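In: Build me a structure from this.
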Amino acid sequence: MRSTSIIHSIAILASFSITGVQAFAPSLALSSPCRAETTIFATDDAPSDPQEIIGRTIKVQGDVNGGYVRSCIKNEASQFRRLIGTMSPPDSGSEEATIYVEGKRKMVDGFVRWCQKGTEKVGLSQKLEVVSSTEEVPTGLYDGFYVKVDEDEKE
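Out: Predicted coordinates:
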């Protein structure tokens, strides 16, 4: 009688574990026996890869006409962060410029944080403020970081 109850208990445990395994096993309805497909859906709260190459457009305002600010931005982007891209000259009379950078996500994010510090801790004597920052698909058109000069400044 005791051996029967032990066998019965083992049979119940075995059937429970088999059904438990089947409950969590993926469905394998394949069109061909040697091919399986996996689909992964990205979510907004998924962590982003810091090594991913991205592009970002940053609009800044302040004393962007000054050569010191522009050379600091060029040094920070190209030499310290190894980013490529360009800084457009501000329109005449305007205090707003556009910076486009490409590089590894962690470097681009660090550059944006540096720009947001502005006059606080960067060491700039001029005023610098980030108006907007937009992530874009990288173009791959640049081989360095360039600061464009307004045609009127050349003369």
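
In: From here on, just use CA atoms for contacts and neighbour counts.
Out: Fine.

In: Could you report the neighbour count for residue 80?
Out: Other residues near residue 80 number 11, with proximity taken as other C-alpha atoms under 10 Å.

In: any idea how far residue 48 is from it?
Out: Residue 80 sits at a distance of 22 Å from residue 48 (criterion: C-alpha to C-alpha, to the nearest Å).

In: Low-confidence stretches in this structure?
Out: Across the chain, the ranges flagged by pLDDT under 70 are 1-47, 119, 121-124, 151-155.

In: tell me which element the residue nearest to residue 56 when sequence neighbours are not counted falls in.
Out: Once flanking residues are discounted, residue 56 sits nearest to residue 135: 4.4 Å by C-alpha to C-alpha, 6 or more residues apart in numbering. According to DSSP states H and E, residue 135 maps onto strand 128-136.

In: Residue 71 now?
Out: helix 67-74.

In: one step back: what angle separates the strand holding residue 135 from helix 67-74?
Out: Relative orientation of strand 128-136 and helix 67-74, computed by axes from the mean of the first three to the mean of the last three C-alpha atoms, to 10 degrees: 30 degrees.
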